[in-house]
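Undergrad: here are the coordinates; sequence isn't available:
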Ligand code: SAH
């Protein structure tokens, strides 16, 4: 038996029905054959994934869980990578591949920042994470919880909040509720602006989320040509992806003048 290790964010799902529901949330309409599961633990989700027609790879950092999986599943059912998803460069499945998991909550933001880097390989993601982060990522502009990851991810993915899972469904129970979200890659290949500057404006705007953008972005020396624009009276949380794209273009144009 594998004893859950807290520092690895291990909260094993106890209810097979919920695991099955998560696995069935992948909508794949033939866009991919490969699936990568992050953090299979003792295989609660994995047992349902292997029943599907996927070529499955799992990546697990906990060697005890890896040993458990090797002992309890046949080698030809899936490929096991013993290691850290965040450090994975080689060994990712052949693109396109979907990502699924009951993610380790302590690194869920880092998992999504990594997803942004490999977004063109990943058409769909279904993940369970802290409810608060799940809501943040899926919430629209104007909402109090809309933040950096919401903008950056919504630029490339259509995101849905699917359902909530209570702490009592896990061993050991986490302190927070959990939420399952689905991300589907949209058709945006690249943003119609300098993406580095876009990311910088988003990050800096939300670092001072109570301030108007005019104040929040002060240290960037915004060009004089846009300083009177009404968009700068707004706060970062009021801007959609498209608003940030437009702002980025205006700032860049202004600097060139
Ligand atoms: N899917 C299982 C376990 C979820 S708990 C279930 O639903 O029961 C999260 C799992 O992620 C744990 O098994 C933990 O060991 C693993 N994990 C934590 N950090 C990881 C990382 N950086 N890379 C891969 N797996 C990781």
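TA: Thanks, I have it. As the structure is a prediction and not an experimental result, all values here were calculated from the model. Numbering: from 1, shown residues only.

Undergrad: Could you list the residues of the stretch 51-200 of the chain in contact with the ligand?
TA: Residues of the stretch 51-200 of the chain found near the ligand (C-beta under 6 Å from any ligand atom) are 59-62, 65, 84-86, 102, 104, 107. Every residue, glycine included, has its C-beta placed from N, CA and C.

Undergrad: among these, which ones are buried?
TA: Neighbour counting by 16 or more other C-beta atoms under 10 Å classes 59-62, 65, 85, 102, 104, 107 among these as buried.

Undergrad: how near is the residue minimising distance to the centre of the chain to the ligand?
TA: Centroid-nearest residue in the chain: residue 112, 3.3 Å away (criterion: C-alpha atoms, centre = their mean). Distance check for residue 112 against the ligand: by C-beta to the nearest ligand atom, to the nearest Å, it reads 13 Å.

Undergrad: what's that residue sitting at in phi/psi?
TA: phi -70, psi -30 (degrees, to the nearest 10).

Undergrad: and if you look at residue 160?
TA: When read as degrees, to the nearest 10, the backbone of residue 160 gives phi -120, psi 140.

Undergrad: which residue packs closest to it, ignoring adjacent ones?
TA: If the residues on either side of it in the chain are set aside, residue 160 comes closest to residue 182, at 4.9 Å by C-beta to C-beta, 6 or more residues apart in numbering.

Undergrad: before we move on, what SS does the one you found have?
TA: Counting by DSSP: H, G, I helix; E, B strand; the rest coil, the backbone at residue 182 sits in strand.

Undergrad: Bridged to it, which residues?
TA: Going by DSSP bridges, residue 182 is paired in beta bridges with residue 126, residue 160.

Undergrad: returning to that earlier point: among the residues of the stretch 51-200 of the chain next to the ligand, name the ones in helices.
TA: residue 65 (DSSP state H).

Undergrad: Would you confirm that the residue nearest to the centre of the chain contacts residue 148?
TA: No: look at residue 112 against residue 148 with C-beta atoms under 8 Å: they stay out of range, at 10.2 Å.

Undergrad: quick revisit: reformat the residues of the stretch 51-200 of the chain next to the ligand as a markdown table; add distance to residue 76 and pLDDT.
TA: Below are these laid out as a markdown table (distance: C-beta to C-beta, whole Å; pLDDT from 0 to 100):
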| residue | distance to residue 76 | pLDDT |
| --- | --- | --- |
| 59 | 18 | 98 |
| 60 | 18 | 98 |
| 61 | 23 | 98 |
| 62 | 23 | 97 |
| 65 | 20 | 97 |
| 84 | 25 | 98 |
| 85 | 23 | 98 |
| 86 | 28 | 97 |
| 102 | 24 | 98 |
| 104 | 27 | 96 |
| 107 | 30 | 96 |
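
Undergrad: residues touching whichever residue of the stretch 1-150 of the chain sits closest to the ligand, list them.
TA: Of all residues in the stretch 1-150 of the chain, the one sitting closest to the ligand is residue 39 (2.2 Å; C-beta to the nearest ligand atom). The contact partners of residue 39, by C-beta atoms under 8 Å, 6 or more residues apart in numbering, come to 9, 59-61, 85, 101-104.

Undergrad: do residue 131 as well
TA: Residue 131 neighbours (C-beta under 8 Å, 6+ apart): 164, 176-179.

Undergrad: Now the buried members of those residues.
TA: Buried subset of those (neighbour count, 16+ other C-beta under 10 Å): 178-179.

Undergrad: in the stretch 51-200 of the chain, which spans are strands?
TA: Taking DSSP state E, counting those that start in this stretch as the criterion, the stretch 51-200 of the chain contains strands spanning 55-60, 79-82, 97-102, 124-130, 157-165, 170-171, 178-185.
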